[in-house]
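**Student:** Kindly generate the corresponding structure for this input.
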Amino acid sequence: MFKAAALGVLCLSTFATASQQLVDRQSANPDACPGYTAKNVKTGKGTLSADLVLAGTACNAYGPDIQNLKLAVTYED
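**Tutor:** The predicted structure is shown next:
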């Protein structure tokens, strides 16, 4: 009985934490997020690549913001 009660409390605690994270993300204003700055931009025949760096403080509107990203684009006819 004690194990079942402890498991129930753990589940409720986990749900409460996840729910609060969801509320925090939903209350963030994506228009106020800093976006990314493109660095090391390279173009070639039908290609474009760049390093994307978070341009300010992460706002985490849709989950944790990633500090550094790689962009690779290939144009096809």
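
**Student:** C-alpha only now, for contacts and for neighbours.
**Tutor:** Fine.

**Student:** Extract the residue ranges of the protein that are flagged as low pLDDT.
**Tutor:** Flagging of the chain using pLDDT under 70 yields the residue ranges 1-27.

**Student:** Going by residue numbers, what spans are helices in it?
**Tutor:** Per DSSP state H, the chain carries helices over the ranges 2-27.

**Student:** neighbours around the closest residue to residue 43 other than its chain neighbours, how many?
**Tutor:** Leaving aside its sequence neighbours, residue 43 sits nearest to residue 49 (Cα to Cα, 6 or more residues apart in numbering; 6.5 Å). When neighbours are defined as other Cα atoms under 10 Å, residue 49 has 17 of them.

**Student:** repeat for the one 4 residues further on
**Tutor:** Neighbouring residues of residue 53 were enumerated by other Cα under 10 Å; the total is 16.

**Student:** quick one: it and residue 39 touch, right?
**Tutor:** Yes - at 7.4 Å, residue 53 counts as touching residue 39 under the criterion of Cα atoms under 8 Å.

**Student:** Just want to check the distance between the nearest residue to residue 74 once chain neighbours are set aside and residue 55.
**Tutor:** Using Cα to Cα, 6+ apart and skipping the chain neighbours, the partner closest in space to residue 74 is residue 47 (4.5 Å). As judged by Cα to Cα, to the nearest Å, residue 47 and residue 55 stand 24 Å apart.

**Student:** cool, residue 67 as well?
**Tutor:** Counting by Cα to Cα, the gap from residue 67 to residue 55 is 9 Å.

**Student:** again with residue 34
**Tutor:** Residue 34 sits 5 Å away from residue 55, going by Cα to Cα.
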